[in-house]
Every structure is written in C-alpha cells, then in structure tokens.
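[1] Got a sequence here, can you build the structure:
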Amino acid sequence: MRGKADIVAGGHFLFADRRSALGFWLGSGLVTGGVLLHLPTFWAARDMGFVLAGMAMDPGMVVGMALIVAGIGAAGYGLLPRAARAGEPFVALAPPEDAPLTRAHWMLMAILSVALVIDIMKPASLGFVTPGMRSEYAIGKATVALLPFCALMGTAAGSFIWGALADIYGRRATILLSSVMFIGTSICGAMPSFWWNLAMCFLMGAAAGGMLPVTYALLAELMPTRHRSWCLVLVGGIGAVGGYLASSGLSALLQPYFGWRIMWFLNLPTGLILIGLSPFIPESARFLEMMGRIGEARRVLARFGVSLTRATEKIEKDSPEDRLPLPPVDHGYLGTTVALTLAALAWGFVNFGVLLWLPAALVAEGRSVGPASILIAKSALFAVPTVALVTWLYSAWSTKWSLAAMIATTALGLVALLLRESPGLGPLSGPLVSITLLIVGSTGVISILLPYAAENYPLRVRGRATGWVAGCSKVGGLVAQGLGALALVPALGVAAAIVAVPALVSLVLVARFGRETRGRDLRELETASP
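    Model (predicted):
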C-alpha cells in the first residue's frame, strides 16, 4: 500500500506528509516572490546603466527580504526527515554495489552535473563582477578584495554545515534547501550598498559551498561499485570546467547590456532549474535504510534496478545509538582525515593564493603584462586534459595513488617555483614548467580529493567528512585572501616553500594511511576496521 509520501510526490519526493510537501513548495514560492519584488528597482535604473549605488530600499524590497526569510524557513520545515513507520519490516537492502549502470544512473549523473555547473558558476562569477562593482561603489582594491574573502568564508561555512546536515536530514534534502537559499541570494544584484553585497555574498557562498560535498556523498551511495570511481571524478570535472565556462560566457553575453548586477540575478533562474529537476534527484537509499525508512529505500533502489533481501537478524542487533552521526576522525580515521585536511589546505592556498599572485610576481620580475598572461594561459590549457587523465587514472589504475600522484605534482610545482631562475637547471628553471606543474597538480587534486573523501568514510559520517575536506580547501584560500587584503602577500618563493610543507606531509600520510577504494564495496566501511 502506498504511503502518504508517495501519494504526495508520485514516488519521487520523500516528504514526511502533505503538510511537509506544502511547506516546501510554499517556501520555494515565497522565496521566488521575494526575489521578484526586487526586480522593479533594478529595471527602473536601466536608463542609468543599472547603477543603484546610494539608492534607498523601497517598501517592495523590504517586503521581499522578509518573504525570503520566511520562505527559507518554510522550505526547511518541509524537508525535515521523518522516522520509520511503526511496524515497518526490517530488511537488508542489496545496494547498487552489485547493480549495472542503468538509464537512471545516467540521468542522475547528468542532473548532478548540471547542479555542480550552477553551483560552481556563482563563486566563479566573482572575478567578473568586481570591476563593475568597484567602479559603481567607488571603492579601492583593498575594499573590493573583501568580496571574494566573504564568499570564501561562506563556502567554507557552507561545506562544514551542509555536510553535517546531510548526515542528519539526508543528502537530497540538503541539496534542495541549498537550492532554495541559492534563489534567495539573487537579491544581491539589487543591493544599493557594497556592505549589503558583502553580507549577501557570504550567504551565497554558504548556499553554494554545501552542495558540492553532499553531491559527492549522494553519488557515492547510488553508483555501482565498478563505475563509482570514474562517475564521481567525471561529474566533478564537468561541474568545475562547466561552471567556469558558464560564468565567463554569460558575463560576456549579458554584462554589456545589463551591467555586473545581472550576474547575481542569474541565481533566480538557475536555482529554479535545480528545483525543477528535483523530482529526478532521489534520496540515498543507504541513508533511508539507516533511518529505518525501508519502504522508501526499496522504491529508490527499484528505480536503479536493485533488489533487496531479508536479513532481519542483523538489523535487529543494531541499537538506535548505532545510527547516531559520529565525528569523521572516529574509529581510527584520524590518519586519513589529517592527510586529506592538509591536502585540502595546501590546495586552497595554491589555487586562491599562489596562482592568483603569479601574474603580479611575473610582472615584478620584469615581464610585461601581455607575455605574463600568455604564459599563464598556455599553462592553463592543460587543465581540461588533466580532468580526462585523472578520471582514467582514478578508475582504471588506483584511487589512492592517483591522489598521491597529483599531490606530488603540485609539490613538485611549488619546488620548481622556489628554484626558478636557478643557474644550472636549464629549461626546468623557467616559469612555464613550474606554472604548468601547479595547474596540472591542483586541477588533479581538486578533481580527486572530494570523490576520494566520499569513498573513505562510513555512511553515518560521509556527509560531514566530505564537507570537512571541502571546507578546509576553502580555509586555505581564506588564509591566502586574508594576506592579500592585509597587504601581507609574501614573496612567491617564500609562499611556495611554506605551502610545500603541508603538501609533502599530506603526500606521506596519504601513502601511509590512504585506502584503495577502487572496486571496493562501500558496505565494507560499515563493519571493517580502517
């Protein structure tokens, strides 16, 4: 007999009841309405080049902000999880470890790729909006540098918070709530004050930062074992490359006509796309099983061609405490957690610090802006084939040693940067080698790091563990951006030497404590000792 959740959602949405479904859709509508109330103010400034700096907020904007807050609360209520139904039979599910790759898997990969493109597109837009923002608000470089700093703070906080929520409320619920918040941050495009932009940019980062780790956790739990590795890396690579391409393309297409603010208003249609695709995003059957919602888990698995078997004795031995979330370092996972934390911190400092400081450093060394930019652009051409290479290495060779190889490449690039222009090294002393190694290594690390984290932790802490690693990658960037905002940027060689230390330590720890996850049944993590 079909339960209320299925009647409400046609078997797709996993709301607790009709009231919860109403709460989510009402909340989504309120948030959308709140954003729409900001559009008249934006459009009224079209004859002034969409300049809103110094204008007062009209009553419609104030009401719209209130609706957004109320809507997020209502949507959050609608996504609250429910406990198992009384009398529901306990069964052990035969999860998608043993299933073939079906049409449902391909559809899920495509949808989550779109979600990651939209998710990554927002932080990537920062570089395209800061010039116009600086001009409109008449602020200096140091002040406008606070914008990416606040965005990184938001993404770091979002990764930590949403990762933890994913282990409590579910993977699908956190993705949807993140999408609703994403829509609400569209009003950043109508803020008349730079300081309002900073606050909204933090919230935008918090919404965007949580989707990435939760997506990896969901994919890891729904993909078949033999396809899981390449699926995770490929979806992440498509999201990263697609996000930057989308942000640059839309900026070139829309900013000449609508100004920099249009880049923030794009959160509305892109967020609505995610909400519209939500019927095709299932909850993790593993999470549903852990919560005792066996009937819903059965229906999710049926979509992916998976059967289930009865194993009452094993389930009945589990106590309620066994299903409580645990910290990611519990049960001997400390070595792995420290290794991935250091790798994430080093990557963040390289990506948001060293690589961003390179152009200025090359110019300071006597190269003109044009040749310096061409040099970096040539090195960046290796990023796309790197994604293809690491996808193949991760799935066909080794997950552990693929990560180690990319960390080693990054560390080698840092050492080469430190020793550049040294006599006796020949071509190896040129900046092209060190920059190429850094771009290839950092692209490979971020393509592998979160998929590898999602495959290394048991179900109960997978969301928060992956969120922790994702958040630490932003913390490294925060340190780098903080140094830039305080005008304390170290010499490039000094920065390379400092970052090389955690990178090399993480390499040693990955080699020592890392697990080979290629072809490994994730069910082993629930019982086997690390």
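[2] From M107, how far out is W347?
    W347 sits 31 Å away from M107, going by C-beta to C-beta, to the nearest Å. All C-beta atoms are positioned from the backbone trio N, CA, C, and that covers glycine.
[3] Between these two, point out the one with more neighbours.
    When neighbours are counted by other C-beta atoms under 10 Å, W347 comes out ahead of the other of W347 and M107, with 30 against 14.
[4] G476 is in contact with that one, correct?
    Yes - W347 lies in contact with G476 (C-beta atoms under 8 Å); the separation is 6.5 Å.
[5] so what's the residue nearest the centre of the chain up against?
    Residue closest to the mean C-alpha point of the chain, counted by C-alpha atoms, centre = their mean, is L212 at 2.4 Å. Applying C-beta atoms under 8 Å, 6 or more residues apart in numbering, we find L212 in contact with 116, 119-120, 159, 239, 450, 470.
[6] Closest to P458 out of those residues?
    Nearest to P458 out of those is L450 (C-beta to C-beta; 16.6 Å).
[7] thinking again about what came up before, which one of the contacts of L212 sits in the busiest neighbourhood?
    S159 (32 neighbours).
[8] May I ask which helix or strand encompasses it?
    Here S159 sits within helix 146-169, counting by DSSP states H and E.
[9] Okay, buried residues for that helix please.
    Under the neighbour-count criterion of 16 or more other C-beta atoms under 10 Å, helix 146-169 has 146-169 buried.
[10] For that helix, list the C-alpha coordinates in PDB.
    Only the C-alpha atoms of helix 146-169 are listed here, as PDB (Å, rounded to 0.1, in the frame of the first residue of the first chain):
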ATOM      1  CA  LEU A 146      36.600  41.700   0.900                       C
ATOM      2  CA  LEU A 147      34.100  40.300  -1.600                       C
ATOM      3  CA  PRO A 148      35.900  37.100  -2.500                       C
ATOM      4  CA  PHE A 149      37.000  36.900   1.100                       C
ATOM      5  CA  CYS A 150      33.400  36.900   2.300                       C
ATOM      6  CA  ALA A 151      32.400  34.500  -0.400                       C
ATOM      7  CA  LEU A 152      35.200  32.000   0.600                       C
ATOM      8  CA  MET A 153      34.100  32.400   4.200                       C
ATOM      9  CA  GLY A 154      30.600  31.500   3.200                       C
ATOM     10  CA  THR A 155      31.600  28.500   1.100                       C
ATOM     11  CA  ALA A 156      33.800  27.200   3.900                       C
ATOM     12  CA  ALA A 157      31.000  27.600   6.500                       C
ATOM     13  CA  GLY A 158      28.500  26.000   4.000                       C
ATOM     14  CA  SER A 159      30.700  23.000   3.400                       C
ATOM     15  CA  PHE A 160      31.000  22.300   7.200                       C
ATOM     16  CA  ILE A 161      27.400  23.000   8.000                       C
ATOM     17  CA  TRP A 162      25.700  21.300   5.000                       C
ATOM     18  CA  GLY A 163      28.000  18.300   5.300                       C
ATOM     19  CA  ALA A 164      26.800  17.800   8.900                       C
ATOM     20  CA  LEU A 165      23.200  18.400   7.900                       C
ATOM     21  CA  ALA A 166      23.500  15.800   5.200                       C
ATOM     22  CA  ASP A 167      24.100  13.100   7.800                       C
ATOM     23  CA  ILE A 168      21.100  14.200   9.800                       C
ATOM     24  CA  TYR A 169      18.500  15.300   7.300                       C
END
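[11] I'd like to check the angle between whichever helix or strand comes after it and helix 146-169, please.
    The helix or strand immediately downstream of helix 146-169 is helix 171-184, counting by DSSP H and E. Relative orientation of helix 171-184 versus helix 146-169 (axes from the mean of the first three to the mean of the last three C-alpha atoms, to 10 degrees): 150 degrees.
[12] tell me what helix 171-184 is packed against?
    Judged by 3 or more C-beta pairs under 8 Å, 6 or more residues apart in numbering; DSSP states H and E, helix 171-184 is in contact with helix 18-36, helix 59-78, helix 103-124, helix 146-169, helix 194-222, helix 267-277.
[13] In CSV: the ones you listed, plus mean pLDDT and distance to G305.
    Shown next, in CSV, are those (pLDDT from 0 to 100; distance: least, C-beta to C-beta, whole Å):
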stretch, mean pLDDT, distance to G305
helix 18-36, 91, 27
helix 59-78, 93, 30
helix 103-124, 86, 7
helix 146-169, 85, 25
helix 194-222, 84, 12
helix 267-277, 90, 21
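[14] Tell me which of those sits nearest to V51.
    Short answer: helix 194-222, nearest of the helices and strands packed on helix 171-184 by C-beta to C-beta, at 12.8 Å.
[15] tell me the mean pLDDT for stretch 444-454?
    Averaging pLDDT along stretch 444-454 yields 89.
[16] How about residues contacting that stretch?
    Stretch 444-454 is contacted from outside by 212-213, 216-217, 219-220, 229, 232-233, 236-237, 240, 340, 343-344, 347, 351, 386-387, 389-391, 394, 399-400, 402-403, 405-407, 409-410, 462, 465-466, 469-470, 473, 514, 517, using C-beta under 8 Å, 6+ apart.
[17] doesn't L39 make contact with G60?
    No - applying C-beta under 8 Å, one finds G60 not in contact with L39, separated by 9.3 Å.
[18] For those two, indicate the residue with more neighbours.
    Here G60 and L39 are compared on neighbour count by other C-beta under 10 Å; more neighbours surround L39, at 18 against 15.
[19] Would you mind finding the longest helix in this structure?
    Across the chain, the longest stretch assigned as helix under DSSP state H is helix 225-258.
[20] which residues sit against whichever helix or strand comes after that helix?
    Downstream of helix 225-258, the first helix or strand assigned by DSSP H and E is helix 262-265. Residues outside helix 262-265 that contact it (C-beta under 8 Å, 6+ apart): 39, 42, 50, 125, 128-129, 185-190, 200, 204, 247, 250-251, 254-255.
[21] Buried ones from those residues, can you make that a ChimeraX selection?
    Applied in ChimeraX, the following selects the buried portion of the contacts of helix 262-265 according to 16+ other C-beta under 10 Å:
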select :39,42,50,125,128,129,185,186,187,188,189,190,200,204,247,250,251,255
